[in-house]
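*Asks:* Here you go, sequence then predicted model.
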Amino acid sequence: MMDYVKIYLININVERLINLSILDFKSDISKSTGNVNENIFIANYNFCEIIIKKNSNQDNVNGLFVNPHITFKGSIHKMWNEINEIKSPNHKENELYKGYNGNQFNINNIFEVRNHLENLFDCNSNQMIFQNIEFGVNTTPLFEPKLYLKGLLYHKNIPFEFRYKGNYAQAEHQVWIFKIYNKSYQYEMNSNVLRIELKIRKMTELKPLGIKTFADINEDTLNKAKELLLKRFDEVMHYDYTIIKKNLKKNDLDKLKVYSNPRYWIEDLQPNHRHRPKEHLRKITLSNSNQIHQQIRFDIIKKCVMNNQLDKSNKCVINNYSNIRLNTTQIDPLIILSKHVVLTNDN
């Protein structure tokens with residue numbers, strides 16, 4: 001149920017981390033100015049990034065890091081698939097590959113990732129503090145996902161933004177973003193996959209869930225995250241394009257033409273004047289459509305029940321973990337870092 005994370009790691013042995021043979025740290029270079037930032041070093045790791053940022057108290061005389069800021073960010077779902085050699089259906093060896101997260105990702109897989117990161121950083125999970133986190137689920141509707149996407153009107157007074165030929169939609173709020181997108185289109189999958197996702201950008205939103213560090217992830221907190229995801233999904237205003245119109249009265253047909261237009265709800269109606277048309281559309285949808293919004297809601301619950309149930313026999317070990325060789329030969333980390341550069345955004 002988790003995907004993208006941004007984690008701040010505390011009390012990590014940075015020299016050990018830099019000396020790992022599986023990590024290749026490179027200096028940060030601004031794309032806009034071309035300037036080398038020798039205070040930030042980045043290593044790519046299974047479609048994620050590990051970032052080391054020196055703080056102002058570094059020991060410049062001895063070339064040592066003093067309490068550096070260490071961040072891990074990226075899709076732990078893609079990371080799990082890559083380590084387990086699970087590729088997307090449209091993967092091509094001779095083309096740039098960006099990872100895969102179109103399959104199911106359950107709590108046992110999350111615990112495997114957590115164990116993996118504990119070994120990689122030589123730390124406990126309570127040293128991994130979340131700064132951003134995404135909760136989401138890949139639903140498998142019986143209909144083409146784009147049929148649902150084109151009916152999205154708004155979310156809590158925010159209109160949806162559409163990208164990728166209408167296969168991706170998001171409503172951006174101040175401290176979180178609600179996303180709905182067509183995974184089967186993205187990965188050219190044979191089955192229908194529609195992802196429902198909530199990206200939390202301020203950790204104050206996680207307090208009611210009881211989540212602060214990776215140690216807090218368990219069945220209970222993930223079920224609370226499921227309830228929050230459902231709450232956000234229920235706030236979606238949607239027009240159902242499966243409405244059967246042949247038995248409707250002319251007045252209802254005329255209203256449906258208006259109701260299907262997002263501008264009507266956002267620009268023509270004040271929020272306190274939306275109740276009556278919303279109720280009218282709800283009644284028409286309830287009795288004259290396939291109710292695809294409710295179908296997706298049911299599938300969110302079904303998939304979350306399946307994905308959030310811990311397999312007690314799981315040993316929390318990622319396949320092929322033996323491929324990770326931790327070379328801790330003591331080499332001056334600043335010498336290692338100075339040999340590499342990488343282009344990244346300023347931010």
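*Replies:* It's in.

*Asks:* C-alpha from now on. contacts and neighbour counts both.
*Replies:* OK.

*Asks:* Can you name the residues that contact Cys304?
*Replies:* Cys304 makes contact with 1, 137, 223, 226 under the criterion CA atoms under 8 Å, 6 or more residues apart in numbering.

*Asks:* all helices in the stretch 51-200 of the chain, in order from the N-terminus.
*Replies:* 76-83, 107-121, 145-149, 183-186 (DSSP state H, counting those that start in this stretch).

*Asks:* Let me have those helices in JSON lines, adding mean pLDDT, mean neighbour count and distance to Ile10 as columns.
*Replies:* Listed next are these as JSON lines, based on pLDDT from 0 to 100; neighbours: other CA atoms under 10 Å; distance: least, CA to CA, whole Å:
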{"stretch": "helix 76-83", "mean pLDDT": "98", "mean neighbour count": "22", "distance to Ile10": "19"}
{"stretch": "helix 107-121", "mean pLDDT": "98", "mean neighbour count": "19", "distance to Ile10": "10"}
{"stretch": "helix 145-149", "mean pLDDT": "98", "mean neighbour count": "20", "distance to Ile10": "41"}
{"stretch": "helix 183-186", "mean pLDDT": "97", "mean neighbour count": "20", "distance to Ile10": "35"}
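
*Asks:* between those, which gets nearest to Val66?
*Replies:* Minimum separation from Val66 across those (CA to CA) falls at helix 107-121, 17.0 Å.

*Asks:* Check which helices and strands the closest one sits against.
*Replies:* In this structure, helix 107-121 packs against helix 76-83, with contacts taken as 3 or more CA pairs under 8 Å, 6 or more residues apart in numbering; DSSP states H and E.

*Asks:* quick check: angle from the helix it packs on to helix 107-121?
*Replies:* Orientation of helix 76-83 against helix 107-121 (axes from the mean of the first three to the mean of the last three CA atoms, to 10 degrees) gives an angle of 80 degrees.

*Asks:* Not counting its neighbours along the chain, what's nearest Glu134?
*Replies:* Lys199 (4.2 Å; CA to CA, 6 or more residues apart in numbering).

*Asks:* Now do the contacts for the one you found.
*Replies:* Applying CA under 8 Å, 6+ apart, the residues contacting Lys199 are 132-135, 176-179.

*Asks:* can you do 7 Å?
*Replies:* Lys199 is in contact with 133-135, 176-178, counting by CA atoms under 7 Å, 6 or more residues apart in numbering.

*Asks:* Which neighbours in the sheet does the helix or strand containing Tyr4 have, and how are they oriented?
*Replies:* In the assignment (DSSP states H and E), Tyr4 maps to strand 2-9. Paired neighbours of strand 2-9 in the sheet (DSSP bridges): strand 69-75 (antiparallel), strand 128-139 (antiparallel).

*Asks:* what pLDDT, on average, does that strand get?
*Replies:* For strand 2-9, mean pLDDT is 97.

*Asks:* one step back: please identify the deepest-packed of the strands paired with strand 2-9.
*Replies:* strand 128-139 (a mean of 23; mean count of other CA atoms under 10 Å).

*Asks:* ok, and what's touching it?
*Replies:* For strand 128-139, using CA under 7 Å, 6+ apart, the contacting residues are 1-10, 102, 104, 193-203, 212-214, 225, 296, 299-300, 303.

*Asks:* Ok, stretch 149-165 next?
*Replies:* 166-171, 235-241, 262, 266.

*Asks:* What of stretch 187-196?
*Replies:* Stretch 187-196 has contacts (CA under 7 Å, 6+ apart) with 88-90, 136-141, 144-145, 179-184.
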